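1. Sequence and predicted model, in that order:
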Amino acid sequence: MAESIYKVIELIGTSPKSWEDAAMSAVNTASKSLRDLRVAEITKMDLKIEKGKVVAFRARVSLSFKYQKGD
């Protein structure tokens with residue numbers, strides 16, 4: 001079995017609906033430019049508040065993908 005190397009990046013997704021949508025937004029956006037996505041870990045969740053009301057959910061996501069020569 002060949003050895004594999006994975007790179008981890010951190011992204012922040014946002015959504016007006018939920019933390020799940022915020023995390024999916026981050027992964028969906030990353031999948032447009034990165035190949036071989038492997039694992040996403042939610043490392044932090046927070047809310048954006050304006051005038052006492054929640055206006056956005058934010059999810060910080062650590063995302064790993066297979067490192068390929070030239071990355």
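-> Now that the structure is in, tell me what you want to look at. Predicted, not measured: the structure shown is a model, and the values here were computed from it.

2. Packing partners of the helix or strand hosting residue 47?
-> Element membership for residue 47 (DSSP states H and E) is strand 37-50. Under the contact definition 3 or more C-beta pairs under 8 Å, 6 or more residues apart in numbering; DSSP states H and E, strand 37-50 sits against strand 6-15, helix 19-31, strand 53-66. From N, CA and C alone the C-beta is placed, and that goes for glycine too.

3. Residue 37: which of those is closest?
-> For the helices and strands packed on strand 37-50, the distance to residue 37 is smallest for strand 53-66, at 4.9 Å, taking C-beta to C-beta.

4. tell me what that closest one is packed against?
-> strand 6-15, helix 19-31, strand 37-50.

5. buried ones in that strand?
-> 57-61, 63-65 (16 or more other C-beta atoms under 10 Å).

6. now, among those residues, which is nearest to residue 46?
-> residue 58 (5.1 Å).

7. show me the contacts for that closest one.
-> 12-14, 19, 22, 45-48 (C-beta atoms under 8 Å, 6 or more residues apart in numbering).

8. need the helices and strands packed on strand 53-66 in TSV with mean pLDDT and mean neighbour count, can you?
-> Converted to TSV, those look like this (pLDDT from 0 to 100; neighbours: other C-beta atoms under 10 Å):
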stretch	mean pLDDT	mean neighbour count
strand 6-15	96	15
helix 19-31	97	17
strand 37-50	96	12
